[in-house]
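A.B. asks: Pasted the sequence and its predicted model underneath.
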Amino acid sequence: MMRPPDPHRHPVTYNKLNKPTSALLGGAEITLYHQEACEAVDEDSLLELCDWCYRKLLLLNTRQHKQTRDQDPKALLDVSAEEDFQAKLQEADFGAATSALTILRYLSDYLNILPLGVLTRMVRTNDTLMALVPLLEDPPWVRKRNKKTEKFIGNVWTAVEPKELLRLTQHDAQVWLLLNNLLVDPKARAKYDMDAYRKEAVLRVRRYLNDILLDQLPILRDLQRVLDELTMGVSSQPDESQTTRLIIEQVPVLRDALLKQGDWQQIAETQQRTFFSQASSTQQSRSQMDEMLKALDFMCNLQPDKPQAPAGHEANQTDVRYELWRRVKEDVFERWEEQTCSLNPAKPAEPVTVEAEGAAPVQGLRHRLQAVEPDVSKPFPANGKIVVRYGGMIAEALLELPAPSTRVGAAELPAVVWLTAGLLATDSFALQLKLKRTEKPKTRDRAAGVWYIYHAVGGAMTVLTTE
């Protein structure tokens, strides 16, 4: 990234240069979580992505971003513009490196269906396993500041209580899951040259496989078995590295082509004279302020008036649509599925009155929903949100449903739970869904290590009546 002469003079320009990377990586994390998206990417791009992610893993291992010394508040006031710019740049690089770890883990989930060159690139060309071991021994997302332990959670350094020190962060889980995919998968193990040095390094992580870790990630029990086999010198897979074979490796060309495309030093000097010049700084600031004001006016115009609720069946609205969203990480959701439930015309609407302390009672009509068979649609995600749309109105509610770590454990959870989305007084409607536990769970969240077991089978829809 080009370094402007005075970052304090160009704060908005700096954000324009730095923030798109975070936005692109956030979109890539959500997209590549899905198998269909990974399969749609061509092999050349996947190889370049693997190389980029590996370089970011090496950046995490350098510890350049890990500042453990206590900061003096007075010294912060004397930070120069150049030092402040370097600190922000370092913070952005660290965020990109953690995103690269997540992307690499998603790719490892689908090694059996991705092109063979991706597996070779990840296991043999880039020694990903050896880059993961130091991340477990000295996690870069954990630091000591002002005599307190801080962890990088939700892109923010957060102080952690002593009783929460053993709780895995998202980055810890990604390292363990990536390690599990590369060591447990038979094809990945067969391609890896497990010499004495690498074997000793891999076995060092065995000390961290305790009951507390396995309770949080039960899927690691297979990894524990593989490490036990390595300890005893037993391997269930043939070692292809010792056989004679012809090696044909696809070489990535996109990065080399970009580097040879032009004189990057000359491009940087041109940007220095034009984009970062003092003459264009005032004009850019004025235009950026105008764009912000236009965006603010646009968002203000989007603020809707309070919706008028339809009166019973007079609005001819018989279907209720709701979208299910799964929580990927803090404040980040991905769309899970859209489902529809219908009002039951065989049962007449019932008048109801909802009274709240300190507020006037509100009246509505309660419509029963038609019963549906479970397992006809995807189960509800255990952690996420639901967005309900009805008659031009919208309401949201968070999802926090019981979720077992094993299929057998599903039988111990409640057979039926109720979910409510919307408030009659404020949202003009309230949807109550009856969720029934499935007997044979089929959908599993590999990242969280839990099963989704609840399906919507019925419920009620209460609509505010108009005078």
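C.D. replies: In hand now; what should we look at?

A.B. asks: Which pLDDT value does the model give the residue nearest to the spatial centre of the chain?
C.D. replies: Centre of the chain computed as the mean C-alpha position; nearest residue by C-alpha atoms, centre = their mean is residue 328, 3.6 Å away. At residue 328, the pLDDT value in this model is 86.

A.B. asks: any idea which element the nearest residue to it once chain neighbours are set aside lies in?
C.D. replies: Nearest residue to residue 328, sequence neighbours excluded (C-beta to C-beta, 6 or more residues apart in numbering): residue 334, at 5.2 Å. To be clear about C-beta, it is placed using only N, CA and C from the backbone, and glycine gets the same treatment. In the assignment (DSSP states H and E), residue 334 maps to strand 332-342.

A.B. asks: quick revisit: pairing partners for the helix or strand that the residue nearest to the centre of the chain is a member of, with directions?
C.D. replies: Taking DSSP H and E as the criterion, residue 328 maps to strand 319-329. Strand 319-329 pairs in its sheet with strand 332-342 (antiparallel), strand 383-390 (antiparallel), by DSSP bridges.

A.B. asks: Let me know which of those is tucked in deepest.
C.D. replies: Comparing the strands paired with strand 319-329 by mean neighbour count (mean count of other C-beta atoms under 10 Å), strand 383-390 ranks first with a mean of 20.

A.B. asks: Tell me which residues are up against it.
C.D. replies: 317, 320-327, 333, 336, 380, 394-401, 403, 419, 421-422, 429, 431, 448, 461, 463 (C-beta atoms under 8 Å, 6 or more residues apart in numbering).

A.B. asks: What distance do you get for the residue nearest to residue 328 to residue 34?
C.D. replies: Per C-beta to C-beta, to the nearest Å, residue 334 is found 8 Å from residue 34.

A.B. asks: Also residue 454?
C.D. replies: From residue 454 to residue 34 the distance is 22 Å (C-beta to C-beta).

A.B. asks: which one of these two has more residues nearby?
C.D. replies: Neighbours per residue (other C-beta atoms under 10 Å) separate residue 454 from residue 34, with residue 454 holding more: 28 against 13.

A.B. asks: Strands of the stretch 251-400 of the chain, start to end?
C.D. replies: Secondary structure of the stretch 251-400 of the chain by DSSP state E, counting those that start in this stretch: the strands cover 319-329, 332-342, 350-354, 362-368, 383-390, 393-400.

A.B. asks: mind giving me JSON lines with the ones you listed and columns for distance to residue 440?
C.D. replies: Formatted as JSON lines, the strands of the stretch 251-400 of the chain follow (distance: least, C-beta to C-beta, whole Å):
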{"stretch": "strand 319-329", "distance to residue 440": "20"}
{"stretch": "strand 332-342", "distance to residue 440": "19"}
{"stretch": "strand 350-354", "distance to residue 440": "35"}
{"stretch": "strand 362-368", "distance to residue 440": "28"}
{"stretch": "strand 383-390", "distance to residue 440": "22"}
{"stretch": "strand 393-400", "distance to residue 440": "21"}
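
A.B. asks: right, so of those, which gets closest to residue 196?
C.D. replies: strand 319-329 (38.2 Å; C-beta to C-beta).

A.B. asks: Please enumerate residues in contact with the closest one?
C.D. replies: By C-beta under 8 Å, 6+ apart, strand 319-329 touches 29-30, 33, 154, 170, 333-343, 369, 378, 380-381, 383-390, 399, 421, 431, 445, 461.

A.B. asks: Residue 107 against residue 118, yeah?
C.D. replies: Yes - contact between residue 107 and residue 118 holds when scored by C-beta atoms under 8 Å: they sit 6.6 Å apart.

A.B. asks: Now for the two: what residues contact both?
C.D. replies: With C-beta under 8 Å, 6+ apart, residue 107 and residue 118 have common neighbours 46, 50.

A.B. asks: still on that earlier bit, quick one, the strand holding residue 328 and strand 393-400 angle?
C.D. replies: Between strand 319-329 and strand 393-400, the angle comes out at 40 degrees (axes from the mean of the first three to the mean of the last three C-alpha atoms, to 10 degrees).

A.B. asks: hang on, the earlier thing: which one of the strands of the stretch 251-400 of the chain lies nearest to residue 21?
C.D. replies: Using C-beta to C-beta, these put strand 332-342 closest to residue 21, at 16.4 Å.

A.B. asks: Can you check the distance spanned by stretch 186-199, start to finish?
C.D. replies: End-to-end span of stretch 186-199 (C-alpha to C-alpha, to the nearest Å): 16 Å.
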